[in-house]
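Q: model the structure of this input:
(3 chains)
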Amino acid sequence: MAYTLQELSDFEDIRTLKHKYFRSIDTANLEVLRTLFTDDVTVEFRGGDYKVKFQGLEQYVVFIANSFHADAVAMHQGHMPEITLHGDKAEATWYLEDIFINLADKTKTIGSALYYDKLVRTKDGWKISDTQYDRIIETVTPLAADERITVQYLKNRGLKKSELQDISHLIVWS
Amino acid sequence: MAYTLQELSDFEDIRTLKHKYFRSIDTANLEVLRTLFTDDVTVEFRGGDYKVKFQGLEQYVVFIANSFHADAVAMHQGHMPEITLHGDKAEATWYLEDIFINLADKTKTIGSALYYDKLVRTKDGWKISDTQYDRIIETVTPLAADERITVQYLKNRGLKKSELQDISHLIVWS
Amino acid sequence: MAYTLQELSDFEDIRTLKHKYFRSIDTANLEVLRTLFTDDVTVEFRGGDYKVKFQGLEQYVVFIANSFHADAVAMHQGHMPEITLHGDKAEATWYLEDIFINLADKTKTIGSALYYDKLVRTKDGWKISDTQYDRIIETVTPLAADERITVQYLKNRGLKKSELQDISHLIVWS
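A: All right, here's what the predicted structure looks like:
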């Protein structure tokens, strides 16, 4: 059975929306980030020793701006979508791979996660209204003394240490 | 020249099928795994010092259940499909990246491979009838003493050591 | 608003074209590589301490043949396209992850980059007419003494040291 043109177009647009998401966080592009979510988006990321939980686009922007800061060396790539359409709503599963080096505490985290998104069609196109992930693997290693960081895009683009806001209310550490 | 709605739908469904495959193996989700292949699927994976070769869905389930066990820290992500449709048959090339840490023997394998799949359209949708891969790169390193595994999904989901079956008949080591 | 069949087909073909690109470079498949670009393709890759800049398909083939040589252990995977169609032209952003081990100087580079492609529709299908990237992250580490390279496809496929041509005119080191 074939999908309709509208359904195939929805698959395309939902994919591209999430592609913009990963690009926007790794480059601290908050202008793009703002266009991807509903105002009341709900977020819950369940990591190894942390849980991120909050609601609202403004909180999301604060969370990303303060996580992808000038000491972060970040790669977050989302793969292999499984998208289910329900008219003006949709669900999507994505499989993340991420590398995150924090130059402030000299740690390197490599991991994967399954994202579970809910989306709604708005007059401005598809938006993510709920996003969650569960870690599948995560390893943390002290940054090796002989590992040279030769490019770090966020160095000049991310918030400096003196500019960081407290986001501890968005994260529960265990 | 444009594809038909049916062809575009086939591309979508064949992609999603393989996306489910990689998600199912890394989470030892054998229920999902069972839905992806024909009963008589043929398999040949040509790795660095091993060749996996067998036939049949039941063998596939046994192979995955005993490979993605409670000591495995696994990420397998398939990318960049090149799909060719021939009516009710199809071929697909995929480019794998994988990380596999075996906590039993404390090794870490990182690699890539090219998958070559053959698919058939059945009354239950597309199924993989033949799947093969050739390794492109593979490196093996002793697991570093300072690498902390902070999340390992398979720890509670995979087979325990005492539950493992012998699958040596499915693998030829060189 | 739905895309047309032609637009959806263009998305498919532009994706598959780039998928072939990454497969072709990691396997030094120059026959496939030649089919992907216009004859006058322009190239600029802005890396950590290098800038690659040249024009023309023949130069591209020389650059790849001499970069993906018999001492290279290479994985280049492009993800998460954002494609914009303008009739017979198109633009595409891709997010690269790459691993490159050079066995000659025993270094390991891991990185990401954003590709910016321009494409044109020709009588032989879509071709890339301009391709650029900016590195997002890049780390360089001496190859660890205990890291065993167990598969290296390019070993037998890539150019041997004695066969390498000088490509220093294509690269500016900083």
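Q: is chain B within reach of the lowest-mean-pLDDT helix or strand in chain A?
A: Among the helical and strand segments of chain A, the one scoring lowest on mean pLDDT, DSSP states H and E is strand A:171-173, with a mean of 91. No - using Cβ under 8 Å from any Cβ of the partner chain, strand A:171-173 stays clear of chain B, with a minimum separation of 12.2 Å. C-beta here means a position set from N, CA and C on the backbone, and glycine is covered the same way.
Q: return the set of buried residues in the one helix or strand A:Asn156 maps to.
A: Element membership for A:Asn156 (DSSP states H and E) is helix A:154-157. Buried residues in helix A:154-157, defined by neighbour count with 16 or more other Cβ atoms under 10 Å in any protein chain shown: A:Leu154.
Q: picking up where we left off before, packing partners for the least confident helix or strand of chain A?
A: strand A:50-55 (3 or more Cβ pairs under 8 Å, 6 or more residues apart in numbering or on different chains; DSSP states H and E).
Q: the helix or strand that comes right after the strand it packs on: which residues count as buried?
A: Per DSSP H and E, the first helix or strand lying C-terminal to strand A:50-55 is helix A:57-67. Across helix A:57-67, burial judged by 16+ other Cβ under 10 Å covers A:57, A:60, A:62-67.
Q: briefly note if helix A:57-67 comes near chain C.
A: No - using Cβ under 8 Å from any Cβ, helix A:57-67 stays clear of chain C, with a minimum separation of 15.1 Å.
Q: spell out which residues of chain A are next to chain C.
A: Residues of chain A lying near chain C (Cβ under 8 Å from any Cβ): A:4-6, A:8-9, A:12, A:16, A:18-20, A:22-23, A:26-27, A:73-75, A:77-79, A:97, A:99, A:101, A:144, A:146-153.
Q: output the longest helix belonging to chain A.
A: helix A:5-26 (DSSP state H).
Q: got the contact list for the next helix-or-strand element following that helix?
A: Heading C-terminal from helix A:5-26, the first helix or strand you meet, by DSSP H and E, is helix A:30-34. The contact list for helix A:30-34 (Cβ atoms under 8 Å, 6 or more residues apart in numbering or on different chains) reads A:20-21, A:23-25, A:57, A:60-61, A:64-65.
Q: got the residues you listed as CSV, with pLDDT columns?
A: Listed next are those as CSV, based on pLDDT from 0 to 100:
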residue, pLDDT
A:Lys20, 98
A:Tyr21, 98
A:Arg23, 98
A:Ser24, 98
A:Ile25, 98
A:Leu57, 98
A:Tyr60, 98
A:Val61, 98
A:Ile64, 98
A:Ala65, 98
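Q: how close does A:Lys108 get to B:Arg148?
A: 11 Å (Cβ to Cβ, to the nearest Å).
Q: of the two, which one has the most company?
A: Taking neighbours as other Cβ atoms under 10 Å in any protein chain shown, A:Lys108 and B:Arg148 compare with A:Lys108 leading, 18 against 14.
Q: which ones are touching the more buried one?
A: So A:Lys108 contacts A:99-102, A:140-144, A:147 (Cβ under 8 Å, 6+ apart).
Q: helix, strand, or coil at A:Ala2?
A: Here A:Ala2 takes the coil state, with states given by DSSP: H, G, I helix; E, B strand; the rest coil.
Q: that one is in contact with B:Phe11, isn't it?
A: No - using Cβ atoms under 8 Å, A:Ala2 makes no contact with B:Phe11, being 11.2 Å away.
Q: between those two, which one's more packed in?
A: B:Phe11 (23 against 15).
Q: on the pLDDT front, check the more buried one for me.
A: On pLDDT, B:Phe11 comes in at 98.
Q: wait, what's in contact with it?
A: Per Cβ under 8 Å, 6+ apart, neighbours of B:Phe11: B:3, B:83, B:85, C:12.
Q: rounded mean pLDDT for the longest strand along chain A, please.
A: Using DSSP state E, we find that the single longest strand of chain A is strand A:125-142. Average pLDDT, strand A:125-142: 98.
Q: just after it, pick out the following helix or strand.
A: Strand A:125-142 is succeeded, C-terminally, by strand A:148-152 (DSSP H and E).
Q: next, the angle strand C:50-55 makes with that following strand.
A: Calculated by axes from the mean of the first three to the mean of the last three Cα atoms, to 10 degrees, strand A:148-152 forms an angle of 50 degrees with strand C:50-55.
Q: can you list the strands that strand A:148-152 pairs with?
A: If you go by DSSP bridges, strand A:148-152 pairs up with strand C:125-142 (antiparallel).
Q: let me know the closest of the contacts of A:Lys108 to chain C.
A: Ranked by distance to chain C (Cβ to the nearest Cβ), these are led by A:Glu147 at 4.7 Å.
Q: returning to what we had before: I'd like the contacts of helix A:30-34 as JSON lines, with distance to B:Tyr50 appended.
A: JSON lines is the format used below for those (distance: Cβ to Cβ, whole Å):
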{"residue": "A:Lys20", "distance to B:Tyr50": "40"}
{"residue": "A:Tyr21", "distance to B:Tyr50": "38"}
{"residue": "A:Arg23", "distance to B:Tyr50": "37"}
{"residue": "A:Ser24", "distance to B:Tyr50": "41"}
{"residue": "A:Ile25", "distance to B:Tyr50": "38"}
{"residue": "A:Leu57", "distance to B:Tyr50": "49"}
{"residue": "A:Tyr60", "distance to B:Tyr50": "45"}
{"residue": "A:Val61", "distance to B:Tyr50": "48"}
{"residue": "A:Ile64", "distance to B:Tyr50": "42"}
{"residue": "A:Ala65", "distance to B:Tyr50": "46"}
